[in-house]
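**Q** Need a 3D model of the following:
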Amino acid sequence: MTADPIRLLIVDDHQLFRQGVLQTLEREPDFQVVGQAASVAEAIQAAEETLPDVVLLDVMLPDGSGLDVLRVLRERVPYSRVLILTVAEQDDVLLRALEEGAHGYLLKGVTASDLVAAVRAVQAGEPTITPALAFRLLRLQAERQGRPQSGDGELTPRERQILERIGAGSTNREIAEALGISEKTVKHYVTNILQKLHLRNRVEAALVARGHGQKES
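**A** Numbers count the residues shown, from 1 in each chain. The predicted structure follows:
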């Protein structure tokens, strides 16, 4: 039995850019673009009418901010996941987008393959962020909460191994199977990782892992 395609809504006020994204996404057999919008008002209406799985959303729109769209969709179409796709690199915009419930944040200029991978990751519930912004995000969160910036120097080799797999999007069960340990043991390691790195949740751990991997490459 064939799985239902991932239903997509593209929100950007530049028609040529929308068409480029549309062509990239429609090459994938498991993607279906169900709508396009060029403004806040159009985006909200299109999302309510089409109920997309994933919304690719620009922050800068002619009649307001994409963050306004994000806030409304969280209330009216909570089923939809939102992937920010923008040129905006400002720290306050990045933080607000994630605080308002964005599931991912990519900068325009991303490769077609990375965009496709990000859409699939967001649909699967995995946090996705441009690697260059990951450490900036964690630094900003640390500064706002008055805690030291996270690092991985305190982790044991096994904890680093598990952190890398969290960054790759593996579940606790998948990590347990890959490493030959119990799922309960993985949960224990994850708890230790969060405590040592002063992180609040698995999403932040994934961002640390991905940002660290980018830094080393």
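
**Q** how far away is residue 28 from residue 180?
**A** 34 Å (CB to CB, to the nearest Å). Every C-beta, even on glycine, is put in place using the N, C-alpha and C of the backbone.

**Q** Those two: who's more crowded?
**A** Counted by other CB atoms under 10 Å, residue 28 and residue 180 do not tie: residue 28 has more neighbours, with 15 against 6.

**Q** is it true that the more buried one touches residue 113?
**A** No: applying CB atoms under 8 Å as the test, residue 28 and residue 113 come out as separate, 10.5 Å apart.

**Q** Show the contacting residues for the residue lying closest to residue 79 once chain neighbours are set aside.
**A** Distances taken as CB to CB, 6 or more residues apart in numbering put residue 51 closest to residue 79, at 6.5 Å, once the chain neighbours are dropped. Going by CB atoms under 8 Å, 6 or more residues apart in numbering, residue 51 touches 7, 77, 79, 80.

**Q** and if you look at residue 33?
**A** Neighbouring residues of residue 33 by CB under 8 Å, 6+ apart: 8, 9, 10, 22, 25, 26.

**Q** residue contacts, the residue nearest to the spatial centre of the chain?
**A** In the chain, the residue lying closest to the centroid (CA atoms, centre = their mean) is residue 104, at 2.2 Å. Residue 104 makes contacts with 81, 82, 83, 84, 118, 121, 122, 127, 128, 129, as judged by CB under 8 Å, 6+ apart.

**Q** Looking at those residues, spot the one nearest residue 167.
**A** Nearest to residue 167 among the contacts of residue 104 is residue 127, at 9.6 Å by CB to CB.

**Q** Do I have it right that that closest one meets residue 101?
**A** No: here residue 127 does not reach residue 101: they are 11.7 Å apart, not a contact under CB under 8 Å.

**Q** With neighbour numbers in mind, choose between these two.
**A** For the pair residue 127 and residue 101, the greater number of neighbours falls to residue 127 (22 against 14), based on other CB under 10 Å.

**Q** Quick check on the closest residue to residue 128 other than its chain neighbours: phi, psi?
**A** Nearest residue to residue 128, sequence neighbours excluded (CB to CB, 6+ apart): residue 104, at 3.6 Å. Backbone geometry at residue 104, expressed as degrees, to the nearest 10, gives phi -170, psi 160.

**Q** Compute the distance between residue 104 and residue 160, please.
**A** As for residue 104, its distance to residue 160 is 24 Å (criterion: CB to CB).
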